[in-house]
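Q: what shape does this take:
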Amino acid sequence: MKEQILKLLRDNQDRYISGEEICQHFNVSRTAIWKHVKDLQEAGYEIDAVRNKGYRLLSIPDVVLAAEIRAGLQTKRMGQHVVDLQTIDSTNVLAAKLAEAGEPEGTLVIADRQTGGKGRRGKPWFSPPGTGIWMSLILRPKLPMAHAPQLTLVAAVAVSQALTEATGRKAGIKWPNDIFFDDRKCCGILTEMNMESEEINHVILGIGINVNQTESDFPDELRSIATSLRIVTGNHMRRAPLVQRILERFEGLYDQYVEHGTFAPIREQWKRQSITLGRYVSAHTPRGILTGLAVDIDEMGALILQNQDGLQKVYSADIQMS
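A: Purely as a prediction, here's the structure:
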């Protein structure tokens, strides 16, 4: 009901709507309407309440609530069911629990703050309140298990394209799935797979984006290597429209990927966004350090390096670019 009232106020921002009109519209009491309006005001929505005139929505806060994400969202599945929280240890952990309980594909878990967010290889992810996008999607792709890691590449294309559109600056992909501006990291993507008998039960796609942090918001150890969209553009950015843009981009690419059963149709888009190809890199793999010129990625998403020993394929590694 609260979300429906908000939609009514949003659709009529140019006028006051009387309490009687709202009551008749939803067939509820004035007391119920007032309670929901109070809840919205406490969430940060500026709603003017005037006796004998009614209610009018004056401004919308920068929040990542379900109502804001679903308002005008142009997807069929991604983000159509949203679980929003103020604080959580990890959106990936909750999304995995919900997936095990049978929540449908496209369910989005999003929080204003994470206390235990993780990046690749268990590294902590700095997730302060009110500044970023910390979200996880439940996916149920009908694909062979070996193809699951490519979902991070698909997501990287979607996020980099969405952030490029939003900022007017090229968001570059550092293989395999980090998003950079000016050689500083803005976004990390993490996939976690649950499988049984060589079949995928579900994949949790976690995305963390620095949106409105300033330089001073980052810990000392991150200031030289991390950035945010606010630092890049000089402007505060609303988070919910960014989430919508990412979900819409991702759904189209994901459906294309699952339909073809291969990363090949999206490979060229990944290469156009890449900041890794054409640079010398050191790949820290489980078998040691491999160096060379990054020349391509193959249809499975492996990074191809060229060195004195010829062409080398890297399937999983932390890389440093020179």
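
Q: can you tell me how far the residue located most distally from the centre of the chain sits from G19?
A: No residue in the chain sits farther from the centre than N52, which is 42.8 Å out by CA atoms, centre = their mean. To G19, N52 is 10 Å away according to CB to CB, to the nearest Å. The way it works is simple: take the backbone N, C-alpha and C, and place the C-beta from them, glycine included.

Q: and what of Q80?
A: 30 Å.

Q: who has more neighbours out of the two?
A: Ranked by neighbour count (other CB atoms under 10 Å), Q80 and G19 place G19 first, with 20 against 16.

Q: my read: that one touches R30, true?
A: Yes. Between G19 and R30 there is a contact under CB atoms under 8 Å: 5.0 Å.

Q: what is in contact with the two at once?
A: Common contacts of G19 and R30 (CB atoms under 8 Å, 6 or more residues apart in numbering): none found.

Q: let me know the helix or strand that G106 is in.
A: For G106, there is no helix or strand it lies in under DSSP states H and E.

Q: now for it: which residues touch it?
A: T75, K76, R77, M78, G79, Q80, H81, L137, I138, L139, E251.

Q: neighbour-wise, give me the winner out of the residues you listed.
A: Busiest of these [other CB under 10 Å] is L137, holding 30 neighbours.

Q: what about it, which SS state?
A: For L137, the secondary-structure state derived from DSSP: H, G, I helix; E, B strand; the rest coil is strand.

Q: where along the stretch 101-250 of the chain do the strands fall?
A: Taking DSSP state E, counting those that start in this stretch, the strands of the stretch 101-250 of the chain run over residues 108-114, 132-139, 172-174, 178-181, 184-196, 199-210.

Q: most tightly packed of these?
A: Highest mean neighbour count of the strands of the stretch 101-250 of the chain: strand 132-139, a mean of 27 (counted as mean count of other CB atoms under 10 Å).

Q: strand partners of that one, parallel vs antiparallel please.
A: strand 108-114 (antiparallel), strand 199-210 (antiparallel) (DSSP bridges).

Q: so for the protein, the centremost residue is which one?
A: For the chain, by CA atoms, centre = their mean, the most central residue is I207; offset 4.3 Å.

Q: so that residue sits against A155, correct?
A: Yes. Applying CB under 8 Å, one finds I207 in contact with A155, separated by 6.7 Å.

Q: can you list residues touching both of those two?
A: By CB under 8 Å, 6+ apart, the residues touching both I207 and A155 are I189.

Q: quick one: the residue farthest from the centre of the chain is in a helix?
A: No. N52: not assigned to a helix; according to three-state DSSP it is coil.

Q: how much space between it and V28?
A: 20 Å.

Q: nearest to D112 among the contacts of G106?
A: G79 (16.4 Å; CB to CB).

Q: which residues touch that closest one?
A: I69, R70, L73, G106, L108, L137, V243, Q244, L247.

Q: ok, and the closest non-adjacent residue to the fourth one?
A: The one in question is G106. Distances taken as CB to CB, 6 or more residues apart in numbering place R77 nearest to G106, at 3.3 Å, with adjacent residues excluded.

Q: go on, the second one?
A: Leaving out its chain neighbours, the residue that sits closest to R70 by CB to CB, 6+ apart is V82, at 6.4 Å.

Q: the residue nearest to the centre of the chain and E21, how far apart?
A: Taken as CB to CB, the span from I207 to E21 is 40 Å.

Q: go on, T262?
A: 54 Å.

Q: tell me who's in contact with G252.
A: G252 neighbours (CB under 8 Å, 6+ apart): none.

Q: now the helix or strand where it lies: buried residues?
A: According to DSSP H and E, G252 maps onto helix 239-260. For helix 239-260, the neighbour count (16 or more other CB atoms under 10 Å) marks 239-251, 253-254, 257-258 as buried.

Q: now stretch 257-277
A: Counting neighbours by 16+ other CB under 10 Å, stretch 257-277 gives 257-258, 262-263, 266-267, 269-270, 273-277 as buried.

Q: report the lowest-confidence entry in these.
A: Lowest in pLDDT among these is T262, which has 83.

Q: ok, and the closest non-adjacent residue to that residue?
A: Per CB to CB, 6+ apart, closest to T262 is E299, 6.0 Å.

Q: residues near the one you found, how many?
A: Neighbour tally, E299, other CB under 10 Å: 11.

Q: quick check: the gap between the nearest residue to G130 once chain neighbours are set aside and H25.
A: Excluding the flanking residues, the one nearest G130 by CB to CB, 6+ apart is D112, at 6.2 Å. For D112, the distance to H25 (CB to CB) stands at 30 Å.

Q: which residues of the stretch 1-150 of the chain fall in helices?
A: 2-11, 19-26, 30-42, 66-70, 91-100, 150-167 (DSSP state H, counting those that start in this stretch).

Q: tell me how far D84 lies from V50.
A: For D84, the distance to V50 - CB to CB - is 29 Å.

Q: roughly how far is stretch 257-274 from the heart of the chain?
A: Here stretch 257-274 is found 19 Å from its chain centre; the criterion is CA atoms, centre = their mean, to the nearest Å.
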